[in-house]
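Student: one predicted model, sequence on top.
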Amino acid sequence: MISEDQNIDNIVNGCKDGNRQAQEKLYRNFYRAMMGLCLRYTKNETDAMEVLNTGFHKVFKNIQKYDAEKASMYTWIRTIVINSCIDYIKIKQKNIQPVDLNSTTEIEIDPDIISKLKSDHLLHLVRKLAPATQTVFNLYIIEGYSHKEIADLLQISVGTSKWHLNEARKHLQKMINEESINQ
């Protein structure tokens, strides 16, 4: 993130003026956080880098629209990058198959098991999920979106969003249980 001796307003103004050094500073300061975000939505680092660069291209293209009074720079960039991730998934997936279940069975994963997993290993397991299921899981669990918001973003029903979350939990529980048995 941007250190205290760097003024975010100066960097943003430089970006608005098309200054490449300011753009590089902004990119470098938010790279780690946004790359981590992209890695949660893609299957590998190459795809994550593609989405990240697409997201930052949109950031620089639309920097004139940034309003510091409405959101922090981090939040503004994060929103753009999340939308880039969703766009990428839609292109790769073409169509998320609609599944409309009135009720889904909640699958619980023991928090003690999850706390023992390293974050990179959990990311590896999440990446094994089907793209649509992975996306719903990330949006709901990690980003905190509601099923209604996810349905609107992905153009699916609320029931389909709930189904994908349930599927994610079911598959993650199965993978975690299989690993704990094999250890």
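Tutor: Cool, the structure landed.
Student: just the helices in the protein please.
Tutor: Secondary structure of the chain (DSSP state H): helices located at 8-16, 20-41, 45-61, 73-93, 111-116, 119-127, 131-137, 147-154, 158-182.
Student: where does the protein dip in pLDDT?
Tutor: 1-6, 93-119, 182-183 (pLDDT under 70).
Student: residue closest to the middle of it?
Tutor: By CA atoms, centre = their mean, the chain has its centre lying nearest to Leu37, at 4.5 Å.
Student: contacts only, for that residue.
Tutor: Arg78, Val81, Ile82, Cys85 (CB atoms under 8 Å, 6 or more residues apart in numbering). In short, each C-beta sits where N, CA and C put it, glycine included.
Student: so how far is Trp163 from the last one?
Tutor: Distance, Cys85 to Trp163, by CB to CB, to the nearest Å: 20 Å.
Student: so these two - more neighbours on which side?
Tutor: Comparing Cys85 with Trp163 by other CB atoms under 10 Å, the one with more neighbours is Cys85, at 27 against 22.
Student: please name the residues that touch that one.
Tutor: Under the criterion of CB under 8 Å, 6+ apart, the contact partners of Cys85 comprise Leu37, Cys38, Tyr41, Thr42, Val51, Gly55, Thr135.
Student: what subset of these is buried?
Tutor: Leu37, Cys38, Tyr41, Thr42, Val51, Gly55, Thr135 (16 or more other CB atoms under 10 Å).
Student: still on that earlier bit, pick the most buried one from the helices of the chain.
Tutor: helix 131-137 (a mean of 23; mean count of other CB atoms under 10 Å).
Student: CA atoms of that helix as PDB?
Tutor: Taking Å, rounded to 0.1, in the frame of the first residue of the first chain, the C-alpha atoms of helix 131-137 are listed here in PDB:
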ATOM      1  CA  PRO A 131     -15.500 -21.600 -12.200                       C
ATOM      2  CA  ALA A 132     -19.100 -20.500 -11.400                       C
ATOM      3  CA  THR A 133     -19.000 -22.300  -8.100                       C
ATOM      4  CA  GLN A 134     -15.600 -20.700  -7.300                       C
ATOM      5  CA  THR A 135     -16.900 -17.300  -8.200                       C
ATOM      6  CA  VAL A 136     -20.000 -17.500  -6.000                       C
ATOM      7  CA  PHE A 137     -17.900 -18.900  -3.100                       C
END
